[in-house]
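S.K.: no sequence on hand, only this structure:
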Ligand SMILES: Cc1ncc(C[n+]2csc(CCOP(=O)(O)OP(=O)(O)O)c2C)c(N)n1
Ligand SMILES: [Mg+2]
């Protein structure tokens, strides 16, 4: 291949174009104005947000919804520090994201110049890869390395670019992704370990399968279904990954974890073998729910993760399977061919169906309580009935949006984008904007509380200008409910800094150009959602709920206050 004569900016844009990047999220800044000028010719649509935190969340949402890296950028200094929370989110979510951080000129690096901070140090614990371009002709190479890392190590990768390197010319060869990286998929586990795991599976009478992000990443749902059918094993989704298995499958048991499905947890509790697929079995995701300690400590655990550091890290294992979830399930299918005779299939399936039926009735009973305005769980129930099966849902952290866990199931992967392990409020709406750009043909909903909404509502302007038709479902209870719940449990119902004095959010959204309604009766929720779907424009449905609170996120991390000094006694 012949090299072509190219400038620094062109090298950057070409590297992105050849990766197939057609979207970038950020706010204009002089620090990258030169390449920005040629984004259109490079086929890159620059999506202009109102806060760089949104840009990073959008890149995470885009990455999670598409499997391809999202790309974000910010002005050196403040634009880059504004990216941090979204990047942290992508890091803990294992999302491939490219973070471009323009920096001060190479002549002034390290002189505490205007808008200079140590951007490499700043992100050192939040990236799977970092490179500072150290000469213009290495621009493209650094970008390619970032993609290689983001795709194969699953996380954010940073390219720090001194802003004088957009200029100057050099020769560069055109390289396509298949020439410098793989698609990031890894192989299966060693045969010896597979044999061991197969033997354990064969010995089981009540095996239960848990599925996590690895199943989504590997698109392994159908293979998992095949294995589940062989053993009539219920499949539960681990916390935060309700789309790791399919709601329309008879062996789907529901999600475990915070306010999840009691059917799934009761079935898991009596498992003699647990096959955990594509998950790290994070402790937070298996703490007791509804007063039920449900994780079976006596069961034999077969643990699969793509990351060897996660295997056996939280629960003792009987077998560990390092490898791609899809590959490993394929290996297990082969190794157990003709198996499954140890299980009483008929009674087992009846039991699973009965547990699911019982839980649906219990959930309905928990939801149908009279309140004025709407009881929060009633709102969740109505929303779950009104949104179409094809929808993707992005949920925030919060007492109400968190309790959405048990109300929604999905028939394909990448339809449930939870708040993620960082656990920040205000993630859902910006993440959903990125999700919608990755899945333009699906209706995309974002659930969040009024506290979360206060952090992100300015992005309705982004949705309107960029025509990103996300439907925001705002559960407005006039409080930081999840934290208020802790004050109820641990602080003698003294409520401090958890009250919110809200404006008319629907009116504000209309002023920003969105379709918005305020809903105060449960019966209005379904029609309001239908109307927003029909209009297909950026929409905000402000559901006013009562102040009733569901369970706290955790009871294990707070204690009764100790006040020894007179001054601090209540
Ligand atoms: C960025 C961030 N700040 C603060 C917190 C602590 N926090 C957790 S839940 C919560 C309250 C959420 O209130 P809201 O969004 O209104 O939802 P609700 O609990 O009322 O349903 C807060 C402040 C957090 N998780 N993330
Ligand atoms: Mg609230």
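M.R.: Arrived safely. Computed from a prediction, not measured in an experiment: that's the story for all the values here. Ligands and ions are numbered 1, 2, ... in the order given.

S.K.: what stretches of the stretch 1-150 of the chain score poorly on pLDDT?
M.R.: Within the stretch 1-150 of the chain, not a single segment meets pLDDT under 70.

S.K.: count the residues that sit near the residue of the chain found nearest ligand 2.
M.R.: Per CB to the ion, residue 449 is where the chain lies closest to ligand 2, at 3.5 Å. The C-beta positions use only the backbone N, C-alpha and C, and glycine is treated the same way. Applying other CB atoms under 10 Å, we find 29 residues neighbouring residue 449.

S.K.: list the contacts for the closest residue to it other than its chain neighbours?
M.R.: Among residues not flanking residue 449 along the chain, residue 398 sits closest, at 3.8 Å (CB to CB, 6 or more residues apart in numbering). Contact partners of residue 398, counting by CB atoms under 8 Å, 6 or more residues apart in numbering, are 425, 448, 449, 451, 452, 475, 481, 482.

S.K.: try residue 165
M.R.: For residue 165, the contact set (CB under 8 Å, 6+ apart) comprises 8, 106, 133, 135, 136, 139.

S.K.: show the model's pLDDT score for it.
M.R.: In this prediction, residue 165 carries a pLDDT score of 98.

S.K.: relative to ligand 1, how far out is the closest residue to it other than its chain neighbours?
M.R.: Leaving out its chain neighbours, the residue that sits closest to residue 165 by CB to CB, 6+ apart is residue 136, at 4.3 Å. According to CB to the nearest ligand atom, to the nearest Å, residue 136 and ligand 1 sit 38 Å apart.

S.K.: pull the contacting residues for residue 136.
M.R.: Applying CB under 8 Å, 6+ apart to residue 136 gives the contacts 7, 8, 11, 165, 166, 167, 168, 170.

S.K.: give me the buried entries from the contacts of residue 165.
M.R.: 8, 106, 133, 136, 139 (16 or more other CB atoms under 10 Å).

S.K.: quick check: the gap between the first one and residue 107.
M.R.: To tie it back to what came earlier, the one meant is residue 8. 15 Å (CB to CB, to the nearest Å).

S.K.: with residue 141 instead?
M.R.: Note on residue 141: its distance to residue 107, by CB to CB, is 22 Å.

S.K.: do the same with residue 152
M.R.: Noted for residue 152: a distance of 35 Å to residue 107, by CB to CB.

S.K.: of those two, who's got more company?
M.R.: Neighbour totals were compared for residue 152 and residue 107, and residue 152 leads with 17 against 9 (other CB under 10 Å).

S.K.: how about that one, what does it touch?
M.R.: Counting by CB under 8 Å, 6+ apart, residue 152 has contacts 181, 182, 184.

S.K.: output these in JSON lines; the columns should cover distance to ligand 1, neighbour count and secondary structure.
M.R.: As requested, those are exported to JSON lines (distance: CB to the nearest ligand atom, whole Å; neighbours: other CB atoms under 10 Å; DSSP: H, G, I helix; E, B strand; the rest coil):
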{"residue": "181", "distance to ligand 1": "34", "neighbour count": "18", "secondary structure": "coil"}
{"residue": "182", "distance to ligand 1": "36", "neighbour count": "11", "secondary structure": "coil"}
{"residue": "184", "distance to ligand 1": "30", "neighbour count": "18", "secondary structure": "coil"}
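
S.K.: okay if I get these as a markdown table plus pLDDT?
M.R.: Conversion of those to a markdown table gives the following (pLDDT from 0 to 100):
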| residue | pLDDT |
| --- | --- |
| 181 | 98 |
| 182 | 96 |
| 184 | 93 |
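
S.K.: what two of the contacts of residue 165 are the furthest from one another?
M.R.: Farthest pair in these (CB to CB) is 106 and 139. Separation: 12.5 Å.

S.K.: tell me the contacts of the residue of the stretch 101-250 of the chain found nearest ligand 1?
M.R.: Here the residue of the stretch 101-250 of the chain nearest ligand 1 is residue 240; by CB to the nearest ligand atom that distance is 14.4 Å. By CB under 8 Å, 6+ apart, the residues touching residue 240 are 213, 257, 285, 418, 419, 420, 421.

S.K.: any idea how far residue 134 is from it?
M.R.: Here the criterion is CB to CB. By it, residue 240 lies 39 Å from residue 134.

S.K.: what does the pLDDT read for residue 208?
M.R.: Reading off the model, residue 208 has pLDDT 98.

S.K.: so it is in which element?
M.R.: Using DSSP states H and E, residue 208 falls within strand 207-211.

S.K.: check the offset of that strand from the chain's centre.
M.R.: Relative to its chain's centre, strand 207-211 lies at 21 Å (CA atoms, centre = their mean, to the nearest Å).

S.K.: what are the contacting residues of the following helix or strand past it?
M.R.: Where DSSP H and E defines the elements, the next helix or strand beyond strand 207-211 is helix 213-217. Helix 213-217 has contacts (CB under 8 Å, 6+ apart) with 67, 94, 154, 220-221, 224, 240-241, 243-245, 277-279, 304-306, 324-326, 413-414.

S.K.: those: which ones sit near ligand 2?
M.R.: With CB under 5 Å from the ion as the criterion, these include none near ligand 2.

S.K.: taking those residues one by one, which sit in helices?
M.R.: Judged by DSSP state H, the contacts of helix 213-217 include 221, 224, 325, 326 as members of helices.

S.K.: for residue 253, helix, strand, or coil?
M.R.: strand (DSSP: H, G, I helix; E, B strand; the rest coil).

S.K.: ligand 2 contacts on the protein?
M.R.: By CB under 5 Å from the ion, the residues of the chain that approach ligand 2 are 449, 450, 451, 477, 479, 481.

S.K.: and the third one, how many neighbours?
M.R.: Residue crowding around residue 451 was assessed by other CB under 10 Å; the count is 25.

S.K.: cool, and the fifth one?
M.R.: Here the neighbour count serves as a burial measure; for residue 479 (other CB under 10 Å) it reads 20.

S.K.: tell me who's in contact with the residue in the chain that ligand 1 sits nearest to.
M.R.: Residue nearest to ligand 1 within the chain (CB to the nearest ligand atom): residue 449, separated by 2.2 Å. By CB under 8 Å, 6+ apart, the residues touching residue 449 are 396, 398-401, 425, 474-477, 480-482.

S.K.: please list the members of those residues that lie in strands.
M.R.: Of those, the ones assigned to strands by DSSP state E are 474, 475, 476.

S.K.: how close does the first one get to residue 543?
M.R.: Read it as residue 474. For residue 474, the distance to residue 543 - CB to CB - is 6 Å.

S.K.: quick check: angle from the top helix by length along the chain to strand 207-211?
M.R.: Determined from DSSP H, the single longest helix within the chain is helix 345-367. Going by axes from the mean of the first three to the mean of the last three CA atoms, to 10 degrees, helix 345-367 is angled at 50 degrees with respect to strand 207-211.

S.K.: what residues are up against the nearest residue to residue 340 once chain neighbours are set aside?
M.R.: Spatial nearest neighbour of residue 340, excluding adjacent residues (CB to CB, 6+ apart): residue 230 at 4.3 Å. For residue 230, the contact set (CB under 8 Å, 6+ apart) comprises 333, 336, 339, 340.

S.K.: and what of residue 21?
M.R.: So residue 21 contacts 44, 69, 71, 98 (CB under 8 Å, 6+ apart).

S.K.: so how far is residue 453 from the third one?
M.R.: This means residue 71. Residue 71 is 26 Å from residue 453, by CB to CB.
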